[in-house]
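Asker: sharing a model that was predicted from the sequence below.
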Amino acid sequence: MSAVLHSIAGSRSFRVNWLLHELGEAVEIVPYQIMDGSLQKPDFKSMSPARRVPALEIDGRVLYESGAIVQYLCETRGDHNLMPEVGSEERAEWLQWLHYAETIAAGIQNLNMQHLFLPKDWMKSPTVMGIETKRLAIALKAVESALSDGREFLLVSGFSAADVMMGFTLESASRYVRFDSYPLTAAYLRRIQARPAYKAAQDAEGPQQFYTQDFYDLPEQGA
Ligand SMILES: N[C@@H](CCC(=O)N[C@@H](CS)C(=O)NCC(=O)O)C(=O)O
């Protein structure tokens, strides 16, 4: 039986979708939208207590935290090079990148709320937007710095599931922070977007529907 991924196109569920494609695992995608109330339906709430995607039905269970799902898939699916073994030199670094993707994602989520989801301008805070943009820019420096030794992916040994956690996250970050100051990160993002499994996963979930601009500038202070 194929895995069933409850997903919003262009959201964190893309991590799971992409990893399943990298692993060559069959997946059925059930689409949701962030603002249409579909995440509040009883069937979905019983699978994901925070009412968020991804939720993955797999191996007779439901998992609902993207980093945990990525690690679970790496641990339960054989024949891949997506995870350094426990005790190996790169294991700690891999785990750190896996979870650091959520540090970056949390900043994006705060900016999504301000720029996209608060319906009235008076609800938005230019101060919060400015602070969160700065914090996101600072968090991105770790990625640029890691890539400065010439490595192609987050681990020196090559592509891994840490890149799967980070990849979509950087794509979203580039809507709020200009990557001109992060040239290595921009090139890294292009490398991972060129992977056949990344493209196949995008085709499987369809176009994202909440960003309507490539880049969101900060509002004028006092506007
Ligand atoms: N830490 C969780 C975060 C899940 C999450 O916040 N997902 C977002 C999409 S990227 C969501 O479903 N948001 C819906 C909402 O906040 O109502 C994970 O990585 O799975």
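Answerer: The structure has been received and is ready for your questions.
Asker: in the protein, which spans are strands?
Answerer: Residue ranges of the strands in the chain, as given by DSSP state E, are 3-7, 27-31, 55-58, 61-63.
Asker: redo those strands as a markdown table? Include mean neighbour count, mean pLDDT and distance to Y176.
Answerer: Every residue, glycine included, has its C-beta placed from N, CA and C. Rendered in a markdown table, the data for those read as follows (neighbours: other C-beta atoms under 10 Å; pLDDT from 0 to 100; distance: least, C-beta to C-beta, whole Å):
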| stretch | mean neighbour count | mean pLDDT | distance to Y176 |
| --- | --- | --- | --- |
| strand 3-7 | 22 | 98 | 22 |
| strand 27-31 | 16 | 98 | 25 |
| strand 55-58 | 23 | 98 | 26 |
| strand 61-63 | 14 | 98 | 29 |
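Asker: do I have it right that G107 meets E132?
Answerer: Yes: taking C-beta atoms under 8 Å as the definition, G107 is a contact partner of E132 at 5.6 Å.
Asker: follow-up on the earlier one: any chance of the strands of the chain in a markdown table, with distance to M166 too?
Answerer: Conversion of the strands of the chain to a markdown table gives the following (distance: least, C-beta to C-beta, whole Å):
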| stretch | distance to M166 |
| --- | --- |
| strand 3-7 | 18 |
| strand 27-31 | 20 |
| strand 55-58 | 19 |
| strand 61-63 | 20 |
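Asker: minimum distance to I138: which of the ones you listed has it?
Answerer: Closest of the strands of the chain to I138 is strand 3-7, at 29.8 Å (criterion: C-beta to C-beta).
Asker: and the residue nearest to A161 when sequence neighbours are not counted, what's its pLDDT?
Answerer: The spatially closest residue to A161, leaving aside those adjacent along the chain, is L82, at 4.2 Å (C-beta to C-beta, 6 or more residues apart in numbering). L82 carries a pLDDT score of 98 in this model.
Asker: give me the neighbour count for L82.
Answerer: Neighbour count for L82, taken as other C-beta atoms under 10 Å: 19.
Asker: show me what contacts it?
Answerer: Contacts of L82 were listed using C-beta atoms under 8 Å, 6 or more residues apart in numbering, and they are L19, E22, L23, C74, F159, S160, A161, V164.
Asker: residue ranges with poor pLDDT in this structure?
Answerer: Judged against pLDDT under 70, the low-scoring parts of the chain cover residues 222-223.
Asker: what does it have sitting close to the ligand?
Answerer: Applying C-beta under 6 Å from any ligand atom, we find that the chain lies next to the ligand at 8, 11-12, 34, 39, 51-54, 65-67, 102.
Asker: now which of those residues would you call buried?
Answerer: If you count burial by 16 or more other C-beta atoms under 10 Å, the buried members of the residues of the chain next to the ligand come out as I8, S11, R12, I34, L39, R52, V53, P54, E65, S66, G67, E102.
Asker: can you list which of these are found in helices?
Answerer: Judged by DSSP state H, helices contain the following of these: S66, G67, E102.
Asker: the first one against P54, yeah?
Answerer: It stands for S66. Yes: here S66 reaches P54: they are 5.4 Å apart, a contact under C-beta under 8 Å.
Asker: now the common contact residues for those two.
Answerer: Both S66 and P54 are in contact with R12, S13, R15, V16, where contact means C-beta under 8 Å, 6+ apart.
Asker: spatially nearest residue to the last one (excluding sequence neighbours)?
Answerer: Same thing as V16. P54 (4.7 Å).
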